[in-house]
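Visitor: Sequence and computational prediction follow.
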Amino acid sequence: MARVLLRVPTSAEKGAVIEMRALIQHVMETGYRPNAEGVLQPRDIIWNFTCRYDGEVVFNATLSPAIAANPFIAFTTIATQSGPISFTWEGDNGFAQTETRHITVT
Amino acid sequence: MKITRRVLLAAPGALLLPAPTRADRQSLSEALRQFTGGQPMREGRVRLDVSPLVENGNAVPISVAVETSMTAADHVRRIGVFNERNPQPNVIIAQFGPRSGRAYLATHIRLATTQDLVAVAEMSDGSLWAQRVMVVVTLAACVEG
């Protein structure tokens, strides 16, 4: 499992716009870099990031090799109800990881 | 093919031809056309924040914000960020909706060299807004290893 850093508010007022920041440890190998032997290293990137709020997709991004290693993404959503917020990363070589946080909306 | 004296004499000339560039590289304009579907883009509403002088191209913080109320009637559907001179023109394409609250996106990107960055926003009414920013890079992302 790759290390993940998430900044998600644990509580929010109903209707408030909350900012979420997600960072995951990953090399994001571009596929354009030769290794020490001069052979191109195969591409190994995370190409999709999805955020679900209580099961509903609220943010989705398609990433490319131009995203820096350890991809960091910040975005916003509206706090609608208490529930789980899950973050899913999908990548080359079958990479898939999901992290979940819980938010309490008052 | 039989190697004649004529072919041999012409060979050094072939070496002077420009080296083939990455023929498979899609250009910035092609990538933009793919995103916009050929519809015209207008300047404004989109704000692409990036430092104009970047020391390290391996991790360049950028953020994109769009002026919009983000209601069901008027919101941003997609934001795309594209570059001019990386090996690939695409950087990121993000989907938004009324539940986003704000049309805001921040990430860290790689820049291979000094070049232009373009951020395009597609609104719910189908209109397209863009901003183009030039970034000077002193240390390029390690494309060459």
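Guide: That came through, no problem.
Visitor: what's the average pLDDT for stretch B:126-143?
Guide: Stretch B:126-143 shows a mean pLDDT of 88.
Visitor: and the residue nearest the centre of chain A, backbone torsions?
Guide: Centroid-nearest residue in chain A, with Cα atoms, centre = their mean: A:Phe49, separated by 4.7 Å. Main-chain torsions, A:Phe49, degrees, to the nearest 10: phi -140, psi 130.
Visitor: How about it: what's its closest non-neighbour residue?
Guide: A:Ala61 (4.7 Å; Cβ to Cβ, 6 or more residues apart in numbering or on different chains). C-beta: built from backbone N, CA, C; applies to glycine.
Visitor: which residues does the one you found contact?
Guide: A:Ala61 makes contact with A:Asn48, A:Phe49, A:Thr50, A:Ile73, A:Phe75, B:Ile92, B:Ile93, B:Ala94, B:Gln95, B:Leu105, according to Cβ atoms under 8 Å, 6 or more residues apart in numbering or on different chains.
Visitor: before we move on, back to that, is the residue nearest to the centre of chain A in contact with A:Leu63, as I believe?
Guide: Yes - between A:Phe49 and A:Leu63 there is a contact at 6.4 Å, judged by Cβ atoms under 8 Å.
Visitor: which neighbours do those two share?
Guide: Joint contacts of A:Phe49 and A:Leu63 (Cβ under 8 Å, 6+ apart) are A:Pro71.
Visitor: So which residues of chain B form strands?
Guide: B:41-43, B:46-50, B:53-56, B:60-66, B:76-83, B:90-95, B:104-109, B:115-123, B:128-139 (DSSP state E).
Visitor: closest to A:Ala68 out of the ones you listed?
Guide: For these, distance to A:Ala68 was read as Cβ to Cβ. The smallest value, 4.1 Å, belongs to strand B:104-109.
Visitor: Could I have the CA atoms of the closest one written out in CSV?
Guide: Written as CSV, here are the backbone C-alpha positions of strand B:104-109 (Å, rounded to 0.1, in the frame of the first residue of the first chain):
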residue,chain,number,x,y,z
TYR,B,104,-11.1,25.1,-8.2
LEU,B,105,-8.3,22.6,-8.8
ALA,B,106,-4.7,22.6,-7.6
THR,B,107,-1.9,20.1,-8.4
HIS,B,108,1.8,19.7,-8.9
ILE,B,109,3.0,19.2,-12.5
